[in-house]
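1. I'll drop the sequence and a predicted model, then ask my questions.
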Amino acid sequence: MSSITAAAFVKKAARDAKLGCSIRTSDRNVITLSQAAADAVISGVSSLLILLGDVPADGRNSGLKPSQAVRMLGEQGFGRKLELDLSFPAKIADREAPAVLAKLDARPHALVTQSISSLSDLCEIVDLAKPRGIKVVACIMVPSEKNAQSAAMIGLDWSGYQKEPAEFVKRAGRIAGSVLLSSPNSFKSGLELLKEL
């Protein structure tokens, strides 16, 4: 089931809920992407996080980049009905890199970072986005034993905030304005951190 279909069911049960979905471009072309955006509007979704995603199982990649997708959907008028967000690296190696500039030039509503481990890296992202009127959502993975394998898979070193994750989340929230908690293998760990906040 797609995230947009799931959101439609949730919206029927909780009409006032503000829902966001993610869609990947790796297995979509211009037509299927536009259809997904239209379905999101009809379903009452508030925001779409556009990301590249994994290579499809059949090996065929559309070649559509997320920044191109956001630009195209904005030109089609979907930006008036949906917040169009883009995924963004947790650390900027080169502020002038073509991929970084393309994401900024697409003028998304927000940049949703990959899982961050450094507040100074987050500050650098905010410094790039804020003058362009682009919001930043800092993604933070909950440090727990059950999430350790996921952290290792993406090369995330949470040693800098493992002892005081709630304080790290609060500081990230003050810097970016919004935080998205990720706890891929432990719903319980995520809830425990939310309670601390």
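-> Yep, it's here.

2. looking at the chain, which helix or strand does the model trust least?
-> Among the helical and strand segments of the chain, the one scoring lowest on mean pLDDT, DSSP states H and E is helix 3-13, with a mean of 87.

3. residues contacting that one, please?
-> Ala17, Leu19, Cys21, Ser22, Ile23, Ala36, Asp39, Ala40, Ile42, Ser43, Gly44, Val45 (CB atoms under 8 Å, 6 or more residues apart in numbering). (Glycine included, C-beta is placed from N, CA and C.)

4. which parts of this structure are helices?
-> 3-13, 30-43, 66-75, 98-105, 119-129, 148-154, 165-176, 187-196 (DSSP state H).

5. who are the neighbours in contact with the residue sitting nearest the centre point of the chain?
-> In the chain, the C-alpha nearest the mean C-alpha coordinate belongs to Val112, at 3.8 Å (CA atoms, centre = their mean). Val112 makes contacts with Leu49, Asp85, Leu86, Ser87, Phe88, Val137, Cys139, Leu180, as judged by CB under 8 Å, 6+ apart.

6. and which of those is nearest to Asp157?
-> Comparing these against Asp157 with CB to CB places Cys139 closest, at 14.9 Å.

7. out of the contacts of Val112, which are buried?
-> Applying 16 or more other CB atoms under 10 Å to those, the neighbour count classes Leu49, Asp85, Leu86, Ser87, Phe88, Val137, Cys139 as buried.

8. not counting sequence-adjacent ones, nearest residue to the fourth one?
-> Here the nearest residue to Ser87 in space, its sequence neighbours aside, is Leu51; by CB to CB, 6 or more residues apart in numbering that works out to 4.1 Å.

9. break this protein down into its domains, please.
-> Per automatic domain parsing, the structural domains of the chain span 1-88, 106-197.

10. now do the same end-to-end measure for the last one.
-> To tie it back to what came earlier, the one meant is domain 106-197. End-to-end distance for domain 106-197: 33 Å, by CA to CA, to the nearest Å.

11. and what of the first one?
-> For domain 1-88, the first-to-last residue distance is 25 Å (CA to CA).

12. hang on, the earlier thing: which two in the buried ones among the contacts of Val112 are spaced the farthest apart?
-> Maximum distance among those (CB to CB): 12.5 Å, for Leu86 and Cys139.

13. list the beta-bridge partners for Thr113.
-> With DSSP bridges as the criterion, Thr113 is bridged to Phe88.

14. report the separation between it and Leu181.
-> Applying CB to CB, to the nearest Å, the value for Thr113 to Leu181 is 12 Å.
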